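Q: generate a structure from the sequence data that follows.
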Amino acid sequence: MSAPRENDEALLARLGTVLDELDPMPAEVVTEGRALFGLRRLDEELAELVRDSAEDRSGLLAVRGEGDVRLISFETGPVTVELQVTERGMVRDLVAQVTGTALVGAEVETSAGRQDIPIEDSLFTVEDVPAGFLRLRLHTVAGRHLVTSWVRA
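A: Numbers count the residues shown, from 1 in each chain. Below is the predicted model of the structure:
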C-alpha cells in the first residue's frame, strides 16, 4: 500500500492532466502573466550574469572542495559587478567590486532575507552568507537601483 502523500501527488498529477485537456490555459494569459511579473520592480535594473568560473570548461576548476573560490561577473550597460564567492561548508564569503558607477548602498539577498553591506570605494565584503541562491542589490549615487540575477552559491 502506498503512502497517503504519494496518493495525493498522483491524484494531483491526474487532475492537472484532465484540466489541461478540458480547459487549457490560453497562451496570452501565460504571456501577460510573465510580463506582469516582470513589472514588480520597474525601478530596478537587472545586471545579468555574463561569466561564471563554475561554468568554465578549461579545466581550471576540475576539482572543487572546501574553500574553493568562484568568480562571477554581472553587467548592465557600463556597470560591471565582479563577485568572488568562497565556499566554507554551508556558508559563503563574498567579496564584490563594482565599476562604472558609484554606490551609496548594497544588500545581499538570500532565501533568509536581505542583509545590508557596508561599502568602501565600490568594494564590499560579507561573511557567512548561507549557501544557496543569492543576488546583490546595489543603490547608486545617481539614484539607480541595480539587482543582479540570482545565482546558486
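
Q: what's the helix or strand for the closest residue to residue 122 other than its chain neighbours?
A: Leaving aside its chain neighbours, residue 122 sits nearest to residue 98 (4.5 Å; criterion: C-beta to C-beta, 6 or more residues apart in numbering). (Glycine included, C-beta is placed from N, CA and C.) If you go by DSSP states H and E, residue 98 is part of strand 91-99.

Q: so in that sheet, which strands flank that strand, and in what orientation?
A: Note on strand 91-99: by DSSP bridges, its sheet partners are strand 79-88 (antiparallel), strand 123-130 (antiparallel).

Q: and among those strands, the most buried is which?
A: Mean neighbour counts were compared across the strands paired with strand 91-99 using mean count of other C-beta atoms under 10 Å; the top stretch is strand 79-88, at a mean of 18.

Q: now the element after the least confident helix or strand in the chain by mean pLDDT, going C-ward?
A: Least confident helix or strand of the chain, by mean pLDDT, DSSP states H and E, is helix 27-38 with a mean of 67. Counting by DSSP H and E, the element after helix 27-38 in chain order, helix or strand, is strand 44-52.

Q: what sits up against that following strand?
A: Outside strand 44-52, the residues that touch it by C-beta atoms under 8 Å, 6 or more residues apart in numbering are 70-77, 79, 81, 136-138, 144-149, 151.

Q: using CSV, write out every CA atom in the helix or strand that it is followed by.
A: As assigned by DSSP H and E, the chain's next helix or strand after strand 44-52 is strand 69-76. Output in CSV follows, covering the C-alpha atoms of strand 69-76 (Å, rounded to 0.1, in the frame of the first residue of the first chain):
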residue,chain,number,x,y,z
VAL,A,69,36.8,30.3,-4.9
ARG,A,70,34.3,31.0,-7.6
LEU,A,71,34.4,34.2,-9.7
ILE,A,72,31.1,35.6,-11.1
SER,A,73,30.6,38.6,-13.3
PHE,A,74,27.4,40.6,-13.9
GLU,A,75,26.9,43.5,-16.4
THR,A,76,24.3,46.1,-17.2
